[in-house]
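J.: I would like to see how this sequence folds:
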Amino acid sequence: MEHTLAFPLLVALVVMALAFDFLNGLHDAANAIATVVSTKLLNPLHAVIFAAIGNFLAYWIVGLHVAETVGKGIIDKDAVTPAVVFGALVGAMFWNVVTWIKGIPSSSSHALIGGLLGAGMAHAGFGVVEFDGTNKTVLAIFLSPIIGFGIAMILMLATSWMFRGAAPRTADKNFKGLHLISSAAYSISHGGNDAQKTMGVIAVLLYSTGHLGKTFYVPEWVVLGCYAAISLGTVSGGWKIIKTMGTGLTKLNHHSGFCASTASSIVVFGASAMGIPISTTHAITGAVVGTGAARRASAVRWSVASRVIVAWFITIPASGLVGAGFYLLTRLF
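T.: Sure, this is the predicted structure:
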């Protein structure tokens, strides 16, 4: 359904969406660089630049399946209005800011999904939900950290066996290079999945206001704008969350850093190929915990991990309530 909207307001909503993408990069920068910073492989400034470049490289590597899921697979695209988009973005941004201030690595992805669901249902009721895309996304909340955990453990055990006869200095030198490569891969996978969520929101906004005609697609300028915004956000960093991810969950070295980055890259690239808006935060957190558990269970700071897990469970409901609230506020004007 087409909804009329003054051009300045349309521009304002697009800018707001890009601001969310910037905040996503700021909030999730820690996920991409925590392992290389905590192991002193790169200093923080070089690490964020490195990660930002990786975010943008996703433009040439990753398809647009996730953007299509967010744009038309979470709530009915024909029921979307500018007010729904506004409520969704405010709900997601509010939760991102709260968790960023607290240093909790929550999911920007699920904050946006929660905002969309909350604002969408406040507008058109429960029937607006597209259960295929929503169910895949919710299922990924539980599966992505478990899969990341499992792959990281297997990699830790396999690589420990492969280098069992190597001198510690030789093994560490090899893992330094592998760690840097795996971190680059994770940065690309992060940009390729996370930036696309905002692409989907902007595309459905343009579709709902008649700017895409009768066919839903993601314009090229939206793709470039979102990759640029998340890259700039990553450059700005998220230092509190770096501390939680890099040192709060378990102690990392180049070996475990490589295994964590590789495992989470596999999870995120796989989800992107299937069009699932996965939480890159969940994937890397599960992988980091997996590397610690592979050494011994006591190597994991389970109290910190449990605080992170609680944030995962309340992200969608919390951002959904805020999204619904701000949508309802628009009805007063």
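J.: When you work out contacts or count neighbours from here on, use the C-alpha atoms and nothing else.
T.: Will do.
J.: So, low pLDDT: which residues of the stretch 51-200 of the chain?
T.: Along the stretch 51-200 of the chain, segments meeting pLDDT under 70 span 103-105.
J.: Show me the strands in it, by range?
T.: For the stretch 51-200 of the chain, applying DSSP state E, counting those that start in this stretch gives no strands.
J.: Tell me which stretches of it form helices.
T.: 65-72, 82-102, 108-124, 131-162, 168-208 (DSSP state H, counting those that start in this stretch).
J.: Could you figure out how far the second one is turned away from helix 108-124?
T.: Meaning helix 82-102. Inter-element angle recorded for helix 82-102 and helix 108-124: 150 degrees (by axes from the mean of the first three to the mean of the last three C-alpha atoms, to 10 degrees).
J.: any idea how far Ser231 is from Gly63?
T.: 17 Å (C-alpha to C-alpha, to the nearest Å).
J.: what does stretch 13-23 contact?
T.: For stretch 13-23, the external contacting residues (C-alpha atoms under 8 Å, 6 or more residues apart in numbering) are 82, 85-86, 89, 92-93, 96, 195, 198, 201-202, 225-226, 229-234.
J.: ditto for stretch 122-138
T.: Taking C-alpha under 8 Å, 6+ apart as the rule, stretch 122-138 contacts 69-70, 73-76, 79, 84, 117, 120-121, 276-278, 324, 327-328.
J.: what's the first-to-last distance across that stretch?
T.: Per C-alpha to C-alpha, stretch 122-138 runs 20 Å from first to last residue.
J.: Now do the buried residues in that stretch.
T.: Across stretch 122-138, burial judged by 16 or more other C-alpha atoms under 10 Å covers Ala122, His123, Val128, Val129, Glu130, Gly133, Thr134, Lys136, Thr137, Val138.
J.: would you list those in a markdown table and tack on distance to Leu57?
T.: Shown next, in a markdown table, are these (distance: C-alpha to C-alpha, whole Å):
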| residue | distance to Leu57 |
| --- | --- |
| Ala122 | 37 |
| His123 | 37 |
| Val128 | 35 |
| Val129 | 33 |
| Glu130 | 31 |
| Gly133 | 26 |
| Thr134 | 28 |
| Lys136 | 26 |
| Thr137 | 24 |
| Val138 | 28 |
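J.: Got the phi and psi for the closest residue to Ala52 other than its chain neighbours?
T.: Leaving aside its chain neighbours, Ala52 sits nearest to Ser231 (4.5 Å; criterion: C-alpha to C-alpha, 6 or more residues apart in numbering). Phi and psi for Ser231, reported as degrees, to the nearest 10, are phi -70, psi -40.
J.: Begin at 45 from now on, thanks
T.: Sure, I'll start counting at 45 from here, so that last one is Ser275.
J.: what's the nearest residue to Leu161 if we skip its chain neighbours?
T.: Gly364 (6.1 Å).
J.: What is the burial count for the one you found?
T.: 31 (other C-alpha atoms under 10 Å).
J.: which residues touch the closest residue to Leu85 other than its chain neighbours?
T.: Leaving aside its sequence neighbours, Leu85 sits nearest to Lys220 (C-alpha to C-alpha, 6+ apart; 7.2 Å). Residues in contact with Lys220 (C-alpha under 8 Å, 6+ apart) are Leu85, His298, His299.
J.: Please apply the same query to Ser231.
T.: Residues near Ser231 by C-alpha under 8 Å, 6+ apart: Ala76, Ala95, Ala96, Gly98, Asn99.
J.: what's the spacing between it and Trp356?
T.: 21 Å.
J.: Other residues contacting stretch 189-207?
T.: Counting by C-alpha under 8 Å, 6+ apart, 215, 299-300, 303-304, 306-308, 311, 326-335, 337-338 sit against stretch 189-207.
J.: list the buried ones in that stretch?
T.: Across stretch 189-207, burial judged by 16+ other C-alpha under 10 Å covers Pro189, Ile190, Ile191, Gly192, Phe193, Gly194, Ile195, Ala196, Met197, Ile198, Leu199, Met200.
J.: Tell me the one of those residues nearest His71?
T.: Pro189 (18.4 Å; C-alpha to C-alpha).
J.: out of everything not next to it in sequence, what's closest to that closest one?
T.: Gly330 (4.1 Å).
J.: mind checking how far the one helix or strand the one you found maps to is from the chain centre?
T.: In the assignment (DSSP states H and E), Gly330 maps to helix 324-339. Here helix 324-339 is found 15 Å from its chain centre; the criterion is C-alpha atoms, centre = their mean, to the nearest Å.
J.: immediately after it, which helix or strand?
T.: Heading C-terminal from helix 324-339 (DSSP H and E), you reach helix 346-374.
J.: Determine the set of other helices and strands touching that following helix.
T.: helix 126-146, helix 152-168 (3 or more C-alpha pairs under 8 Å, 6 or more residues apart in numbering; DSSP states H and E).
J.: wait, which of those is closest to Pro263?
T.: Nearest of the helices and strands packed on helix 346-374 (C-alpha to C-alpha): helix 126-146, 17.6 Å.
J.: so that closest one versus helix 212-252, what angle?
T.: Using the same axes, to 10 degrees: helix 126-146 against helix 212-252 is 160 degrees.
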